[in-house]
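Engineer: quick one, structure for this:
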Amino acid sequence: MNETEWSNELLVQILARFERIEELLSQSQQPTGDRPLTLREAAKYLNISEAYLYTLTSGNRIRHYKPTGKKIFFKKTDLDEYLLQHVRKTKADIEAEALSYVSKSRYNKRKA
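Structural biologist: Residues are numbered from 1 along each chain as shown. You can find the predicted model right below:
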């Protein structure tokens, strides 16, 4: 292996390690645990702007806490709940609901 190939291989290894370090640092900055999140942390977690998150809080569209009446805090579980509140049904779910509704309707008509 000549010196250029060796340098290129070393550079590739260094870049791979650098990317791994960045990944680990990014993961360590993710909010975890039961600790309340600040507005900035919550906005980052939800991948929205701080201004939009503040709009959600001022409209009482997302659960939040103001222990001192000024600073806003969030629970991660509340943020997860907000993210998952509008479930999109699959075709199979809709068909199952329709079948259940039709079956109940037919049963109720026979009873009457």
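
Engineer: how far does stretch 12-25 sit from its chain's centre?
Structural biologist: The chain centroid and the centroid of stretch 12-25 are separated by 25 Å, computed with Cα atoms, centre = their mean, to the nearest Å.

Engineer: now do the buried residues in stretch 68-85.
Structural biologist: Using 16 or more other Cβ atoms under 10 Å as the test for burial, stretch 68-85 gives 72-76, 78-79, 82. (Glycine included, C-beta is placed from N, CA and C.)

Engineer: quick check: Ile62 touching Asp78?
Structural biologist: Yes. Under the contact definition of Cβ atoms under 8 Å, Ile62 touches Asp78, with a separation of 7.3 Å.

Engineer: okay, strands next: where are they in the protein?
Structural biologist: Across the chain, reading from the start of the chain, the strands by DSSP state E fall at 37-38, 73-74.

Engineer: could I get the average pLDDT for stretch 68-86?
Structural biologist: Looking at stretch 68-86 alone, the average pLDDT works out to 92.

Engineer: other residues contacting that stretch?
Structural biologist: 31-34, 36-39, 41-42, 45-46, 54, 57, 62-67 (Cβ atoms under 8 Å, 6 or more residues apart in numbering).
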